[in-house]
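Engineer: Build me a structure from this.
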Amino acid sequence: MTLLIPVLAFTFVALLVAAGAMAFSPGAAAVIERRLGEITGAPARGRERATLDRAVETLRRIGQAVPKSPSEMGKLQQRLVHAGYRRHEAVAVFFGIRVGCGLLLFTLLSTPALVRPNVPAALGAAALGYLLPNILLGRMAKRRQHRIRLSLPDALDLLVVSVEAGLGLDQAIQRVGGELAFAHPELSEELRLINLELRAGKPRTEALHNLAARTGVDDLASLVAILVQTDKFGTSVAQSLRVHSDTLRTKRRQRAEEAAAKTGAKMVFPLVFCIFPAIWVVTLGPAIIAIVRVLIPMAQR
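Structural biologist: Numbering: from 1, shown residues only. Model (predicted):
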């Protein structure tokens, strides 16, 4: 057991050094890009950007070497898309990040760099480092969905105005995507992807369903269902959007009222564990000190 800790520490330190060397060594793509830049006279990218690309490429290689489950791959890819990462190598890079975090925490706790080496604690830290990126990814996806959900009423108002002004639904979506680029960049990017899919030749129904699948927002899925039904039955788009906009505003007010109603229950734990002990110390502390000063001499007698 005594010899196992230095051997494991040396192995993981060697792996980290090798990964760092791979990250900071120029890859084939970087060399080709540099040569093309020399030929065409295009300005080369910054050193920081090139270093970041090499680090991402290293994480992607590590992630590709990790064994994966098909069911886990599907769920993870969907969660990455909900968080806004739609590139094909996003899954491999995420697996590389998970493995890198686990190895880093194991190395820090299995070597005497910070604390006394402890193999069980290092293994627990490695498991925590492997699970921590998944938790952070879930929080990022929920925050992005929340921002998209808050931006929907404004987008619907602009859609209603654009459609009533005489624009078609495709042109209205394109115009609203451009107008929301500064205030709501997430929804603007999703609307821009709809326009790109329509230009590529996809049917409008399929492009709208892809929008609902990419975001995972229930309000946006209901909006897509309304637009598909309106297009299918030939009803008024502006009237349907106006009714749905009123419904979304009512739901947003109900969510705010629900959050306000939960405030009292959420304040119980801070009150009990943080505020009440301080109040007890301030109010009962002097009395307890006086009692102790009186009782201790009496007990000694």
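Engineer: make it CA atoms for all contacts and neighbour counts henceforth
Structural biologist: Noted.
Engineer: for D170, what are its contacts?
Structural biologist: D170 makes contact with N195, according to CA atoms under 8 Å, 6 or more residues apart in numbering.
Engineer: what helix or strand does R147 sit in?
Structural biologist: Using DSSP states H and E, R147 falls within helix 119-164.
Engineer: Tell me how far K75 lies from A213.
Structural biologist: To A213, K75 is 12 Å away according to CA to CA, to the nearest Å.
Engineer: out of these two, which sits in the more crowded spot?
Structural biologist: A213 (16 against 11; other CA atoms under 10 Å).
Engineer: what's the helix or strand containing T247 in contact with?
Structural biologist: Assigned by DSSP H and E, T247 belongs to helix 237-261. Applying CA under 8 Å, 6+ apart, the external contacts of helix 237-261 come out as 152-153, 156-157, 159-160, 163-164, 219, 223, 226-227, 230-231.
Engineer: quick one, that helix and helix 119-164 angle?
Structural biologist: For helix 237-261 against helix 119-164, the angle by axes from the mean of the first three to the mean of the last three CA atoms, to 10 degrees is 140 degrees.
Engineer: Following the chain past helix 237-261, name the next helix or strand.
Structural biologist: Downstream of helix 237-261 (by DSSP H and E), the next one is helix 263-266.
Engineer: Show me what secondary structure element comes after that following helix.
Structural biologist: Next helix or strand after helix 263-266 toward the C-terminus (DSSP H and E): helix 268-270.
Engineer: List the buried residues for that following helix?
Structural biologist: Under the neighbour-count criterion of 16 or more other CA atoms under 10 Å, helix 268-270 has nothing buried.
Engineer: Mind checking the pLDDT average for the following helix or strand past that helix?
Structural biologist: Following the chain from helix 268-270 toward its C-terminal end, the next helix or strand by DSSP H and E is helix 276-300. For helix 276-300, mean pLDDT rounds to 82.
Engineer: ditto for stretch 85-100
Structural biologist: pLDDT averaged over stretch 85-100 gives 84.
Engineer: Residues touching that stretch, excluding its own?
Structural biologist: The contact list for stretch 85-100, computed with CA under 8 Å, 6+ apart, reads 56-64, 66, 73, 76-77, 80, 129-134.
Engineer: returning to what we had before: which strands or helices does the helix holding R147 pack on?
Structural biologist: Where contact means 3 or more CA pairs under 8 Å, 6 or more residues apart in numbering; DSSP states H and E, helix 119-164 is packed against helix 70-82, helix 90-110, helix 169-179, helix 185-199, helix 218-233, helix 237-261.
Engineer: Now the residue nearest to the spatial centre of the chain. Nearest residue, chain neighbours left out?
Structural biologist: Residue closest to the average C-alpha location in the chain (CA atoms, centre = their mean): M140, at 1.9 Å. Closest residue to M140 apart from its sequence neighbours, by CA to CA, 6 or more residues apart in numbering: A83 at 5.8 Å.
Engineer: tell me the contacts of the one you found?
Structural biologist: 137-138, 140-142, 144-145.
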